[in-house]
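Student: My questions concern the predicted model and sequence given below.
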Amino acid sequence: MHDFLAIVFTAEFVGNALKYATPLLLASLGLVVNERSGVMNLSVEGMILSSAFFAFAGSYFTGSPLLGLLAALLASLLIALVHSYCCISLGLNQVIVAVALNTFCLGLTSTLFRIFLGTDTNVIRANGFSFVRWPKFLTEIPVLGEILLKQHIFTYVALIMIFVIWWIFYKTTWGLEIRAVGEYPRAADTMGVKVYKVRYLAMLFSSLMAGMAGTALSITGLNLFIDNMSAGYGFIAFATIVFGRFHPLGVTGGALMFGFAQSLQIRMQISDINIPYQIPIMLPYLLTIVMLGIIGSGSVPASWCIPYFPDEE
Amino acid sequence: MILFVKVNEMTIKSRNNYKNVIAKKMAAFMVPLLGALMGLLVGAILLIMQGVNPIVAYYALLQGSLIGWPSISETLLKASPLVLAGLAVCYSYRTGFFNIGAEGQLYMGAVGATIIGTNFAFLPSMIHIPLAIIVGALFGGILAVIPGLLRAYRGVNEIVTTILFNYVAAYFLSMLVQGPLKEPGSFYPRSLPIVESALLPKFPASPLHTGIFFVILLAGILYWLFNKTTYGFAMEVAGGNHNALHYAGVNLKKMIVQVMLVSGMIAGTAGVIEILGVHKRLIENFSVGLGYEAIAVALLANLNPLGALLSGTFFGALKTGASSMQIATGVPVSFISMIQALIILFVIAFTVFPRILIRINKRRMRKNA
Amino acid sequence: MSIVLKMEGITKIFPKVIANDHISITLHKGEVHALLGENGAGKSTLMNCLYGLYRPDEGKIFIKDREVVIQNSDDAIKNGIGMVHQHFMLIPELTVTENIILGLRQSRAPLLDIDEAGRKIKELSERYHFNINPHEKIKNLSVGMQQRVEILKVLYREAEILVLDEATAVLTPQEVRELFGVIRKLVQEGRSVLIITHKLEEVMGLSDVVTVLRDGKVVGNVITKKTDPKELARMMVGRDVLFDFHERHAEVGKPIMSVNDISVTDKKGVRKLRNLSFSLHKGEILGIAGVDGNGQVELSEVITGMLPFTGGNITIKGESFGALNPRIVYEQGVSHIPQDRQHTGLVLGMSLMKNLILTDYYHAPYSKNNIIDYDLVDDHAADMIKQYNIKAPTTETIASELSGGNQQKIILARELCREPDILIAVQPTRGLDIGATEFLRQKLIDQRDNGSAVLLISTELEEILQVADRIAVIHEGQFMGIVRKNEVDINELGLMMAGNMRSPSDSICEGE
């Protein structure tokens, strides 16, 4: 037990947890926006995977991680547009559309990966984002310097976005419209709110966040791409939404929990503690399930996953 | 899923009316068929964009999957777990619930089959194999029944929980093959081999195992259950309207739990036949993404169990033929996933096709006005 | 008086019907204009065209002599039109203020200024004596209060033209009176009001001018003072209305069902039924009157086994039950026509043939040993289609493809072909046209005359007065009294609906 505490309560460990939580945090904070508008976006898995690939490919071919980021955002936006058209405009089943899009993205990224980069078995690396460089005196602040100042730009974006999204939700008319549209779109419609517009914009915003999440996954750190790299990140993000009761702060807690677990898991694989490393990875999933059981169906937006047809005649 | 059958005669017609039956059957076939064709067509365009001749590619695909006994048997081998997982999805989705957890349930079924299949070598096959199937099914069922219970009694969305359990099951399996079930002394994370008496007999000159008979039998049983029995009727009611189910005097909560349990059991058997017939020991990640493919199978089958035999075989053929296509044209195997995705999209888009037409029509009228 | 709104030649065609056929109406400043018509006459469609929720296929709209095109609700609001919908357009999870400012451009947009808006709402609320806390969540307000929020929403936007769609449907008589007061005040302030209603007393009590719609056409336009309810009713229905028909012939028999001291509490802990007791006799129609939402649905669900109850018991045909489920109830010879046919009574995506056995599929003759005999079910369906004159092309037609009246006929056919001893009908004529309504009421009376017992739960007092033999009035889950039809007048029923208990000595709780 003592060993365990010694592992967890180091600044390096917490810093790593934050690093692992970053893609998840970005994706979930985006998701909370579209989910609150009433659209179920399981396609986020495909968005993260595609943007991870295109960030990598973009950076690999141009040498600029920024252009990679741009490619990632575009790819993610495109998927969001297809998802939105199918689920918002056509009212197709949101789960099935997402399953299709995720499958498509998996096929697309793997196929392009082979076409672009050939069958070279060597690991190919692209240029990536490096740590943000802070003045030396700051990084030398004991604990905080280690946790907060050895991070990539995306970690800071994620942290800032927690507050930005909270602010949008509860302090702006945009947030009011998003919440209204997710609860009772017909009522919002009669008040002059453009339901489709709000839902589309929420989806597009969310896809940009997912795009950053994918970028953070592939080109910050190892700077490579592997098949099915997202490996369920999108679904985990989705689970944190439900876990976090559709509230930006709750969602943040959920994402940090998963990041913490992953950091722990990696630590345990390299240390000689006698617990299978799968247990800490499994724990957040199980904990989420238990939490869902405790929370029950409360706090789900009333029109979640229900398409809206304005001209219901 | 409601198919759109056009009705314009105003006379009362019995369902046994010849023309009516034919029209309905046709419609039931048309949507999946058109969906599959459109998927392949758009796939052809994507192939051209890669500079590949689609005719060459598709011919290689066909040859690798359906021409000659080795190809056919390989296709059927790949199709078997797909059909079973597809049946699991049909079973729950007919009742209005999504089971996206077929992958996890399959892994649990595999664990159950391994525990039985690596022990009890003294049992005759006649007992050993059914026992493995039953235990595997129960393992799969347990994983699915928890989301069922949570949905029924706590209102928790079963989509989220079944997805979460996919990961739990995958890591659980990984923990077992690296721990308690690990083959002593082996470098690889794998279990002991399945003992002879639990292995599924094989067809001559092919890797195809007799599990396929189980698949066909199960599809038949489910078809009968859905279309002839009172339970199937209640399932259809539940799929259409939960209040009406209550009104009809059926307990919805019990039904959710039962349906999720059985759905998970069906998916569990997919894991059993993979272990007893193909891998012959437990390994990690032997079936990634199956839960999603299962949804494609069920949709293309229009939730009809007999249709699932066909659609599962179709997707199995795509998977099998993909490697021939790769050899012939250099198109990666993963390209098949894109075609699969396109087919799903087209099939569901066709179900709202009339609505799209109406909308386009209206827009045109408005512009002209 | 100047004209504030003119709709000219509005036509709206739906796939199955012409909902509005060249309708024209004119609204003057400071006027209450009633749009009168039966269900399905086209009133709501017309107003949805005005409010931009539907786009008319033909016709023009003028606001103060200026032609306008209203594409969506935003345009309507900009043109000074405010609408109070029949089903409240309020978001339960949001506060009063949030609901009211939703969709508005505030001065500091996109920043929300809840405090400023809250102050304004408080002022408005005080001016009309609404007594509303701007920061309360909608879900915590009573129905009457919610309607006030709806009106505030419109006033906050400074609408000149108010449209009220069936505004009294969910109100008690007192709340109706208060609403009328508010409307009069609004008109005095120079606003104009359009009320949509099918209730004659509302038209007579409130409006200056009446436009009567029937089958999507204008059939009359009269000054309220120069007409009377009889004339209006004739215009609305298209012929003389028999206010008193169906003399009863059957003898009232023995009690067949009795409900003793039953209570129901919902998930939130609100008591929906309080110690209800009554008995239902063979050969009678017991009408349950009351304002919507006073426990009617709960009552029907309790006695049909769909909702568990606490305390007391229910006796059906001499057998006493402490708990019920729908199957037990059906097997006792009870049939149930539920309130909401689309949400409860039918599976819209299922075939007509299967819907016709929804409550009977599990027993003979439709199934044996859990196997359904679909050939027999098919024949049965063909039979029912003929008997009940259901307009459907085949027995396999999907229920959602049928009209509302034909959907209701499926339920009626299914529930009556069982030859029930007890029929429980909840709002059976809601949304039906006149022909279908009369057909259905006649069926209820036939049931009674055949010696069955009928429990009719309806919020249409007129319907209850037409067919019931005894009337029970329900208010907040309690009976205010049970009376014989010929021993009570409407005023008294109105008082009871508002929650005034009839003195026990007057009530005939045990029938004969």
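Tutor: The structure has been received and is ready for your questions. Numbering: from 1, shown residues only, chains lettered A, B, ... in the order given.

Student: Isn't C:Val334 up against C:Arg418?
Tutor: No - the criterion here is Cβ atoms under 8 Å, and C:Val334 misses it with C:Arg418 at 9.1 Å. Every C-beta, even on glycine, is put in place using the N, C-alpha and C of the backbone.

Student: So which of those two has more stuff around it?
Tutor: Taking C:Val334 and C:Arg418 together and counting by other Cβ atoms under 10 Å in any protein chain shown, C:Val334 has the greater number of neighbours (26 against 14).

Student: What is the burial count for the nearest residue to that one once chain neighbours are set aside?
Tutor: Leaving aside its sequence neighbours, C:Val334 sits nearest to C:Ile422 (Cβ to Cβ, 6 or more residues apart in numbering or on different chains; 4.5 Å). Residues lying near C:Ile422 (other Cβ under 10 Å) number 23.

Student: What is the neighbour count of A:Gln151?
Tutor: When neighbours are counted by other Cβ under 10 Å, A:Gln151 comes out with 19.

Student: Hmm, I typed the wrong one, I wanted A:Glu140.
Tutor: Counted with other Cβ under 10 Å, A:Glu140 comes out at 11.

Student: OK, contacts around it?
Tutor: Shown in contact with A:Glu140 (Cβ atoms under 8 Å, 6 or more residues apart in numbering or on different chains): no residues.

Student: Please repeat the previous calculation with a cut-off of 10 Å.
Tutor: Neighbouring residues of A:Glu140 by Cβ atoms under 10 Å, 6 or more residues apart in numbering or on different chains: A:134, A:146, A:149.

Student: Tell me which of those residues fall in helices.
Tutor: Taking DSSP state H as the definition of helices, the contacts of A:Glu140 contribute A:Glu146.

Student: how about the contacts of A:Glu140 in a markdown table, adding distance to C:Lys185 and pLDDT?
Tutor: Below are the contacts of A:Glu140 laid out as a markdown table (distance: Cβ to Cβ, whole Å; pLDDT from 0 to 100):
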| residue | distance to C:Lys185 | pLDDT |
| --- | --- | --- |
| A:Trp134 | 66 | 81 |
| A:Glu146 | 68 | 76 |
| A:Leu149 | 65 | 78 |
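
Student: Can you name the helix or strand that the one residue in the stretch 1-150 of chain A that gets nearest to chain B falls in?
Tutor: The stretch 1-150 of chain A approaches chain B most closely through A:Gly107 (2.9 Å), counting by Cβ to the nearest Cβ. With elements taken from DSSP states H and E, the one containing A:Gly107 is helix A:94-117.

Student: ok, how many other residues are close to the residue of the stretch 1-150 of chain A closest to chain B?
Tutor: Using other Cβ under 10 Å, A:Gly107 has 22 other residues around it.

Student: May I ask you to name the longest helix in chain B?
Tutor: Chain B, longest helix under DSSP H: helix B:18-49.

Student: In stretch C:288-298, which residues are buried?
Tutor: C:288-291, C:294-298 (16 or more other Cβ atoms under 10 Å in any protein chain shown).

Student: Out of the residues you listed, which comes closest to A:Asn41?
Tutor: The closest of the buried residues of stretch C:288-298 to A:Asn41 turns out to be C:Val297 (Cβ to Cβ; 35.7 Å).

Student: so who does that closest one touch?
Tutor: C:272, C:306-307, C:338-340, C:344, C:426-427, C:457.

Student: mind putting those residues in TSV, distance to chain A included?
Tutor: Putting the contacts of C:Val297 into TSV (distance: Cβ to the nearest Cβ, whole Å) gives the following:
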residue	distance to chain A
C:Lys272	21
C:Met306	20
C:Leu307	19
C:Pro338	22
C:Gln339	21
C:Asp340	17
C:Thr344	19
C:Val426	24
C:Gln427	21
C:Ile457	27
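
Student: can you tell me which of the residues you listed are in helices?
Tutor: Going by DSSP H, the helices hold none of these.
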